[in-house]
Each structure stands twice: as C-alpha cells, then as structure tokens.
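Q: Sequence and predicted structure below; questions after.
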Amino acid sequence: MAFTVTTLAWSALAYSEELQAAGELSNLHSAIRWGTDFFLKTAARKNSLYVQVGDPVADHNCWVRPENMNTPRTLYKIDQNTPGTEIAAETAAAMAASSIVFRKIDRPYARRLLNKAKLLFEFARNYKGTYDGECPFYCSYSGYNDELLWAATWLYIATRRDVYYKYITEEAITASVAEFSWDLKYPGAQVLLSGINITGEGGEQNFKTQADNFVCSILPESPFNQVYMSPGGLIHLRDGANTQYVTSTAFLFSVYSDMLSRNKQTVKCGNQEFQPSRLMQFAKQQMDYLLGNNPKGRSYMVGFGVNPPKQPHHRGASVPVLARSETVNCGMSFMQWLNKDQPNPNELTGAIVGGPDRYDNFNDKRWLSAMLEPCTYINSLAVGTLAKLALHSI
C-alpha cells in the first residue's frame, strides 16, 4: 500500500498538467490522501508503526467479499523490538512524496506528512531489521537498503536538507538492477537522483550511470539486455502479476525520457547511445500491448477495449452482494465463487490484471491468479504514463 501511494504521488508530481487535462488530478489527490490519512493513524506513536490488519492465512482461506468477512482482525506492528526497516522506510517515502503533492493545496496537512516521514525514516535507519510477519504473501527478497535510499531520496527532494544529502552520498547502499517494483526500489531512486545530479560515495557512484544501466538491461537492442521479451513484445520478469513490471518499467522510462530531454542527455549502453524518444517509444509500446495491441488482440484492463478480462481474481468483484448479516461458509466459498466459470457479478473497472505468460498466452479464468490478479501497484504505475500518452502524440 505504501509503494502504491508513493508511486501515485510521483505520478501527480511528474504529470500534473496531463492529469489535469484528463480531468483526473483531483481524483488522484483523493486517492493519495485516502492512503496518507491511514498512514497517519498507523504511525501515531514514535518508533512504532501498525503494518497490517487481519490474519493473512485466515483471510486467504476464505473467498468472501470484505463486507462479509468474519476472520480475526489481528493487528501487526513494528517497533524497536520488532523492527521492519523496509515497511517503515517505504511509508516514510510515501509521506514525503505526498507532502510535496499537498504543499500547495493543504500546507498544514503537508507539514504533518513531512514531519511523520522524517520520524519514520529515523526509525527505519536506527532500528534495522526485516519484518517477516507478512510472509509468505509479501516477503522482502531484496533487503532494506533500497527502501532506505528511496526514502532518503524523497526526503531530500521534499526538504533539501543536508542530513538526507549526506545519507545518500555517504551512507546509502545502491546497486544496478533490472527491476523496479514494490520490493526493489533502486532504479526509482536512481532516476530521481540523476535528475538532480547527485553522486554517491564521494563522487564515485554516479546515479545517472545506474539509471542508464536499468534502461540498458531492458531495451531489447541493448548489448546489455537482461530481461526476457515475449514473442509479442512484452517484458516478462516472472509469473505472478507480471504486468506490475510492465507498468513500472513504462513509468520509469517515461519519467526518465522527460529528464533526459530537459537536460539534453542520452542513455549510453556500451558503444550504443539511445535518445530519450526511444525510451518513450518503448514505454508506449508496453502500454499499448496491455490495452490491446498484442498477439491476442485483447485488452488486459477490465472494462476497457476489446475482449477485456471478465474474471479478475478479486473477492469483492467476484462475490455477489450479500446481506451484511449473512454468514459465509469458507469451505464452500471457493467452489461457490472462485471456481465458478462465469463473469464476475461486479466489474472492477480500470483494473489491470496480471496478464499473459511469457509466450503471450492468456486464459480468463479467475482461479489462475498469476494471470487474473489485479494489484494496486500495477495501476498506480500506469496512471502517469497513460495521462502523458493521452495528452501528447508519441
């Protein structure tokens, strides 16, 4: 949820003009504020953060819409004794980025967010440790150094204070990777930092070079390409909501192309050089694939385009409206609703589902979660790119 809010805030900052033209900027602000209001409540005490509500195992063992859930609403939190650096740092990033969004709209609220972001970053930095209470559903595979760099980057952009500059340049750990996701934030931070020309480790670490490395690992014609492309041209990192990597890559390519254009720079991959327009062209091609320009000729956005998904792997969409007092038999719920081969009774309009496999194959069956599960962080990273594409001819 925190990564979703951070990336929505980044979209609001990078593409406010485009979102305003689309009539969606105020809706985006409302969506961000819905998340930050919740974060303020969860972080009410210093060095403490509530990170989850509900037993994840019990919740996964019942296919029921939220209004009829009767599973335990267990509270999980991190503190000095049970640290969770990744979660604290990502929540700090979300609040710092959002504070910039609200600075000209609601200054007192923006100040509250920024103050809380500062405290959460210090908590994440001073009490280091990985929180595994959300495993096996959301496990940190990449560690917490990327979240610390990500949070410090947003705090520096929000404050321009030396404390964050020194952390980024002297203490933070960074790396060149081929993925930008809720679990791995390095490329996002590197793109942001390359835009303000910061280097790390006494000038030895150039974030622009690392941002270029991210691009070089993905562009199919790059000599350093690492990422698999399906026969139809979709990047495929792994099964299980693969479209999250599609929208995240498209967004970073879009933002980075804007930065490069403003600074009259290019991307260098060995002896090859790529213009900013090539990055935007690739971002557009990835988004066009999701919206229907693919071997199946179908859309992967619910309620949009040709033959969109009808069976998203989503409890609220697939379970019909029931009386609030109705008790659901969890053992029977999967047969009643998950495994029923018919369109969902409630359309989850606009959601982008997990998408096709590495060979462009797709089967619209609700129980195939890798293909049909929608995620908030798939859509959050599509918002800005789509707004840009809607307004500008690429």
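A: Arrived safely, thanks for sending.

Q: Tell me the helices and strands packed up against the helix or strand hosting residue 93.
A: Assigning secondary structure by DSSP states H and E places residue 93 in helix 85-102. The contact analysis (3 or more C-beta pairs under 8 Å, 6 or more residues apart in numbering; DSSP states H and E) places helix 85-102 against helix 2-14, helix 25-42, strand 48-53, helix 107-126, helix 145-159. Placement of C-beta: from N, CA and C, glycine included.

Q: got the angle between that helix and helix 107-126?
A: 160 degrees (axes from the mean of the first three to the mean of the last three C-alpha atoms, to 10 degrees).

Q: Quick one: distance of helix 85-102 to the chain centre.
A: With C-alpha atoms, centre = their mean, to the nearest Å as the basis, helix 85-102 stands 13 Å off its chain's centre.

Q: now swap in stretch 381-394 and tell me
A: On C-alpha atoms, centre = their mean, the centre of stretch 381-394 falls 16 Å from that of its chain.

Q: Name the residues of that stretch that come out as buried.
A: Neighbour counts over stretch 381-394 (16 or more other C-beta atoms under 10 Å) mark 381, 382, 383, 384, 385, 386, 387, 388, 389 as buried.

Q: Is the fifth one located within a strand, as I assumed?
A: No - residue assignment for residue 385, taken from DSSP: H, G, I helix; E, B strand; the rest coil, gives helix, which places it outside any strand.

Q: Contact partners for it?
A: 247, 250, 251, 254, 283, 287 (C-beta atoms under 8 Å, 6 or more residues apart in numbering).

Q: now do 7 Å
A: By C-beta atoms under 7 Å, 6 or more residues apart in numbering, the contact set of residue 385 is 250, 251, 254, 283, 287.

Q: Restricted to helices, list the residues you listed.
A: 250, 251, 254, 283, 287 (DSSP state H).

Q: residue contacts, the fourth one?
A: Applying C-beta under 7 Å, 6+ apart, one finds that residue 283 lies in contact with 250, 253, 254, 385.

Q: List buried residues within those.
A: For those, buried by 16+ other C-beta under 10 Å: 250, 253, 254, 385.

Q: Can you lay out these as CSV showing distance to residue 225 and pLDDT?
A: Formatted as CSV, the buried ones among the contacts of residue 283 follow (distance: C-beta to C-beta, whole Å; pLDDT from 0 to 100):
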residue, distance to residue 225, pLDDT
250, 17, 98
253, 14, 98
254, 20, 98
385, 21, 98
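
Q: and the two most separated of the residues you listed?
A: For the buried ones among the contacts of residue 283, the farthest-apart pair by C-beta to C-beta is 253 and 385; their separation is 8.4 Å.

Q: pLDDT weak spots in the stretch 101-250 of the chain?
A: Within the stretch 101-250 of the chain, the stretches with pLDDT under 70 are 198-205.

Q: Which residue ranges of it form strands?
A: Applying DSSP state E, counting those that start in this stretch to the stretch 101-250 of the chain gives strands spanning 199-200, 205-206, 228-229, 235-236.

Q: will you turn the buried ones among the contacts of residue 283 into a markdown table that also has distance to residue 41?
A: A markdown table is the format used below for the buried ones among the contacts of residue 283 (distance: C-beta to C-beta, whole Å):
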| residue | distance to residue 41 |
| --- | --- |
| 250 | 33 |
| 253 | 35 |
| 254 | 33 |
| 385 | 31 |
